[in-house]
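S.K.: Quick one, structure for this:
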Amino acid sequence: MEMAPPTTDEELKILEVRLTQLKLEYEKYFLGTRPTEPAQQRSEVQKTVLKFSNMRITNTAQRFKFNSLNGRYQAFKRQWDNILRQIEAGTYKRHVFKADLHDRERGIGSPSSGGAARGRSSGGDDRGALFETYRDAMMANGQTTKGLTADKLQKAIAKQEAAIKQKFGCDKVDFKVVVTDGKVKLKAAAS
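M.R.: Sure thing, here's the model as predicted:
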């Protein structure tokens, strides 16, 4: 028994699934969990988009669905190409942040270059810089910063600081931002 060729509706559903998968693959690539760009999948999606672009779609619902998918694909393409250009130029924020962080861990580079920043517990300006670095690190590692405020971070730091001062009997506590297994954390050290 021969299988009938897929209908236009089925092909559009397949295109939608492939587009979603392609978006996820690019996100993995940009995060560094995928070693190579998903060029093969992108080529397949591009061929399908071209096929439908050159086809006369008389059904209004199908034409609307294709136009929506095509618009999403074109927007993704612009975004991906922009990020790929940034990676080639060495200006992609996530990569620059990670490189600065690695340099700081090795003792290379200046304290103002970003990465793992230190903030003294007594100074408000240092805490502001610590918050900025913490938020930037979270964004660079793909973590959500929704609900994160400087006040919330300061309250958490003050709580930790009081406990560390009591436990170790020290006068000052230094905090720095560290990234461990892709998770951004504050690390405290008694001084």
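S.K.: How about the secondary structure of the spatially most central residue of the chain?
M.R.: The residue lying closest to the centre of the chain (C-alpha atoms, centre = their mean) is Gly142, at 3.2 Å. Under the three-state scheme (DSSP: H, G, I helix; E, B strand; the rest coil), Gly142 adopts coil.
S.K.: isn't it right up against Lys28?
M.R.: No - with contact defined as C-beta atoms under 8 Å, Gly142 does not reach Lys28; the gap is 10.5 Å. C-beta: built from backbone N, CA, C; applies to glycine.
S.K.: tell me how far stretch 133-145 is from the chain's mean position?
M.R.: Stretch 133-145 has its C-alpha centroid displaced from the chain centroid by 8 Å (C-alpha atoms, centre = their mean, to the nearest Å).
S.K.: State the mean pLDDT of that stretch.
M.R.: The average pLDDT for stretch 133-145 rounds to 77.
S.K.: Output the lowest mean pLDDT helix or strand found in this structure.
M.R.: When each helix and strand of the chain is scored by mean pLDDT, DSSP states H and E, strand 118-120 comes last, with a mean of 37.
S.K.: quick one, phi/psi of Thr7?
M.R.: When read as degrees, to the nearest 10, the backbone of Thr7 gives phi -80, psi 170.
S.K.: Now the top helix by length along the chain: buried residues?
M.R.: What stands out as the longest helix in the chain, according to DSSP state H, is helix 60-89. For helix 60-89, the neighbour count (16 or more other C-beta atoms under 10 Å) marks 62, 65-66, 69, 73, 76-77, 80, 83, 86 as buried.
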